[in-house]
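**Student:** just need the structure, nothing else, for what follows:
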Amino acid sequence: MNDLALLLTPEGRALLDEVRDTDPAEELAVATRLRRAHPAGLVSAALGQARLRQRAAAKFGAEDARRMYFTPNGVEQSTRAAVAAYRAERMRELGVASVADLCCGIGGDAIALARAGIRVLAVDRDPAAVAAARANADALGLADLIEVREADVTDVDTTGWDAVFADPARRGGRGRVFDPQAYSPPLSWAVAAARTASRAAALKVAPGIPHEAVPADAEAEWVSDGGDVKEAVLWFGTEPGAVRATLLPGPRTLLSRRLPDPPVRPVGRYLYEPDGAVVRAHLVAEVADLVGGGLLDATIAYVTADDLRPTPYATAYEITDHLPFNVKRLKALLRQREVGTLTVKKRGSAVEPEELRRKVRPQGPNAATVFLTRVAGAPTVLVGHPVQP
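**Tutor:** Numbers count the residues shown, from 1 in each chain. The predicted structure follows:
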């Protein structure tokens with residue numbers, strides 16, 4: 001927080017502009033030079049903030065990141081801007097005009113909500129995060145829509161706000177916390193707070209949340225961005241009991257139809273790898289139905305089919321070879337096919353991709369994808385290549 005106060009001075013802002021594009025390998029030389037004209041503490045703060053902004057560009061985009069202020073935890077734990085914008089748009093479509101953003105961190109979600117035209121009360125108990133959230137609202141011209149408050153969220157009265165958004169901390173002193181009741185504050189408190197909202201509520205939770213931990217009156221949504229699963233959200237005031245997987249960019253949303261598990265069938269010409277959000281949402285059966293396929297194995301989320309039916313919810317691969325797991329046979333096959341660029345994917349196999357790559361030593365001008373998996377319980381290797389959409 002003290003570092004941020006220094007950086008918000010005219011001298012600090014000017015120094016941030018000067019060090020904005022500093023290569024980390026050149027930091028020592030840059031710091032030595034700048035300390036001749038600026039206090040050492042300010043130089044360290046500026047270089048540290050520049051480093052955080054460079055890391056944050058992947059989440060917030062370069063244009064916003066170079067104007068925002070970050071804490072180390074804020075960079076790691078903030079919602080990716082595209083995901084926050086999608087959620088804010090859902091809030092807007094639900095008729096939400098004001099949101100109490102609890103556990104707001106550096107304000108990433110508050111920014112997205114304000115940009116959707118929604119008034120925000122952003123609350124956090126961490127003084128450094130609160131200072132950054134306030135500075136970010138000002139830096140992005142959103143201070144009129146975002147009120148930032150330092151407080152324990154459990155003491156905040158959300159009456160008068162249309163919606164509640166809560167993002168409980170899921171990290172403790174020993175790393176990630178997997179038990180929803182060990183969140184800070186616990187998920188049970190967040191659910192109770194969500195149920196008091198007059199119009200809607202959204203609780204950000206870990207993608208690995210057990211389905212049995214989802215309240216019956218909540219909608220559960222798993223969100224991926226660019227193929228990477230980012231979060232799960234419990235929605236209140238929408239469709240109780242609904243389960244969906246949403247893929248960004250898009251958005252494209254696959255809703256559960258409560259289909260039974262697909263049958264296990266022989267390997268077909270095509271393999272479909274469902275998006276991670278689809279897998280987390282337990283919607284592999286919906287993908288199998290879309291492509292007219294079945295499972296390679298009852299316990300593995302790979303779908304196989306004889307026909308190509310492109311879908312945004314899974315990546316399709318054409319399978320050229322199917323053999324029992326055997327490193328020597330695979331190595332000979334790849335050598336015969338002159339495969340030098342090898343992508344290794346696995347589900348249901350104990351073999352690590354890098355270990356396999358070292359053993360087969362791919363060489364040649366061609367590319368292939370190898371799947372280490374099981375087919376009807378038997379360890380199997382499938383070789384193929386992605387089908388261009």
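
**Student:** excluding sequence neighbours, find me the nearest residue to Glu27.
**Tutor:** Nearest residue to Glu27 in three dimensions, chain neighbours excluded: Leu47, at 5.6 Å (CB to CB, 6 or more residues apart in numbering). (Glycine included, C-beta is placed from N, CA and C.)

**Student:** helix or strand: which one has the one you found?
**Tutor:** Assignment of secondary structure by DSSP states H and E places Leu47 within helix 40-60.

**Student:** packing partners for that helix?
**Tutor:** helix 2-7, helix 10-19, helix 27-34, helix 62-65, helix 72-77 (3 or more CB pairs under 8 Å, 6 or more residues apart in numbering; DSSP states H and E).

**Student:** could you export these as TSV, including mean pLDDT and distance to Ala100?
**Tutor:** Converted to TSV, the helices and strands packed on helix 40-60 look like this (pLDDT from 0 to 100; distance: least, CB to CB, whole Å):
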stretch	mean pLDDT	distance to Ala100
helix 2-7	86	24
helix 10-19	94	31
helix 27-34	92	40
helix 62-65	96	23
helix 72-77	90	19
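
**Student:** looking at these, which is closest to Val360?
**Tutor:** Each of those has some distance to Val360 by CB to CB; the shortest is helix 72-77, at 35.7 Å.

**Student:** just give me how far that closest one sits from the chain centre.
**Tutor:** Here helix 72-77 is found 13 Å from its chain centre; the criterion is CA atoms, centre = their mean, to the nearest Å.

**Student:** now the following helix or strand past it: average pLDDT?
**Tutor:** Note on helix 72-77: by DSSP H and E, the next helix or strand toward the C-terminus is helix 81-93. Mean pLDDT, helix 81-93: 97.

**Student:** what is the orientation angle of helix 81-93 with helix 40-60?
**Tutor:** 60 degrees (axes from the mean of the first three to the mean of the last three CA atoms, to 10 degrees).

**Student:** could I get the full set of strands for the stretch 151-300 of the chain?
**Tutor:** Counting by DSSP state E, counting those that start in this stretch, the stretch 151-300 of the chain has strands at residues 163-166, 171-172, 175-176, 200-205, 219-225, 228-236, 243-248, 252-255, 270-274, 294-295.

**Student:** TSV for the ones you listed, including mean neighbour count and mean pLDDT?
**Tutor:** Shown next, in TSV, are these (neighbours: other CB atoms under 10 Å; pLDDT from 0 to 100):
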stretch	mean neighbour count	mean pLDDT
strand 163-166	28	98
strand 171-172	12	64
strand 175-176	8	68
strand 200-205	25	97
strand 219-225	24	98
strand 228-236	21	96
strand 243-248	23	98
strand 252-255	16	98
strand 270-274	24	98
strand 294-295	20	98
